[in-house]
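Novice: requesting a structural model of the entry that follows:
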Amino acid sequence: MSITITDRMLREIEIYKNIFHSQYSKYTPGRGLTYPMILDKDGKDGIDGRYICSIHIYSDDKMFEIQSFKDEITKRYESTSNHSLLKADLLEIRESATEVMKFYDENLTYEAKIVKDFIDQCNSLSIAESHDLKKTHQAVITILDYSISQIYLGVNSANDVGLGNFRNNYSPIYNQLIAVNCCLQIVEFIDKLSFSESLIKTNEDSDIIDSSLKSLFKEASKYNAVINLMVSGGKILKTSDGLQWHGFKRNAKYEAVAFLEVLAAKGLLTKKVDNGKYQIEILSGTFSGYDCDERTARKRDEIFLSKDKYFDLLNSI
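Specialist: Residues are numbered from 1 along each chain as shown. Now for the predicted structure:
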């Protein structure tokens, strides 16, 4: 069945929403089937949701094609002067995407109890035990007709649960932040279309006035304290060319982004910094010789594993 691009985007955003909410789902015996259906690695139901640290989504149709959405909406926008119907569609999409981002910010970031508990438990275990725990917090999610079919917890691949037929329809969402970033891209795109003040908010908050970390700090003294702490800890070097991020080049890319996001999570910065392009501009404008592309900045698994050390290191700030 063919659906419009706007209906498809609404369904995809609803998928994000249900994945996020499912992590707080509690099984109630005798209640009957619930949506989305949550199964264990053996395909058995009757289990509670839990925090998901990595996701593999398999769909029977193309999904998460943000650029195609932008292209089609741009064509509609430019082909007519009567934007009333398009405006109504995009307002609904924008509200849905904003709702998803808000739920994530309030319930699935590092301040949320289920995330804190997971990180604390990982930190309390040996490397091998921590690895095993993380396996139980992976998920394979199958999508049929733009609706969640099953969520398999403790599973890393469709082959693990006999769903090899989904292999060719793998969707590139492997971390919840990527889903959030999709929503952010949608909102930012809609905000760039010139409808009216009732729909569009100003872009002042998203503009980068000064591409440097120092300009984002709420207090200059905190910036100095953080840099001095990082220098004394050997993570940042002061050279004649300016500040440099210390470490192996591959790891430095991930760790610098993790450091940046921890600063924001601790409330030290004036703006959010979870957009890949924004992160690169800030870090490139702060550390001489910093080299990272947007794709690398979004490799969330490596960044996630680095964050706990920076929370500990910056604990005194």
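Novice: for the nearest residue to residue 284 once chain neighbours are set aside, give its distance to residue 71.
Specialist: Leaving out its chain neighbours, the residue that sits closest to residue 284 by C-beta to C-beta, 6 or more residues apart in numbering is residue 290, at 5.2 Å. All C-beta atoms are positioned from the backbone trio N, CA, C, and that covers glycine. For residue 290, the distance to residue 71 equals 32 Å [C-beta to C-beta, to the nearest Å].
Novice: so for these two, which residue has more residues nearby?
Specialist: Shown here are residue 290 and residue 71; by other C-beta atoms under 10 Å, residue 290 has more neighbours (18 against 12).
Novice: list the contacts of the longest helix along the chain.
Specialist: Criterion DSSP state H: the longest helix present in the chain is helix 84-107. Under the contact criterion C-beta atoms under 8 Å, 6 or more residues apart in numbering, helix 84-107 has outside partners 6, 9-10, 13-14, 16-17, 20-21, 24, 73, 76-77, 80, 112, 114, 176, 179-180, 183-184, 186-187, 190-191, 193, 195-196, 199.
Novice: where exactly do the strands run in this protein?
Specialist: For the chain, strands defined by DSSP state E occupy the ranges 38-39, 54-59, 138-144, 147-153, 170-171, 236-239, 242-245.
Novice: send over the second one as CSV, restricted to the C-alpha atoms.
Specialist: Once non-C-alpha atoms are left out, strand 54-59 reads as follows in CSV (Å, rounded to 0.1, in the frame of the first residue of the first chain):
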residue,chain,number,x,y,z
SER,A,54,22.5,-0.6,21.1
ILE,A,55,19.8,-1.3,18.5
HIS,A,56,19.6,-3.2,15.2
ILE,A,57,16.4,-2.3,13.2
TYR,A,58,15.2,-4.5,10.4
SER,A,59,12.4,-3.4,8.1
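Novice: how much does it deviate in direction from strand 147-153?
Specialist: Computed with axes from the mean of the first three to the mean of the last three C-alpha atoms, to 10 degrees, the direction of strand 54-59 lies at 150 degrees from that of strand 147-153.
Novice: nothing else from me, thank you.
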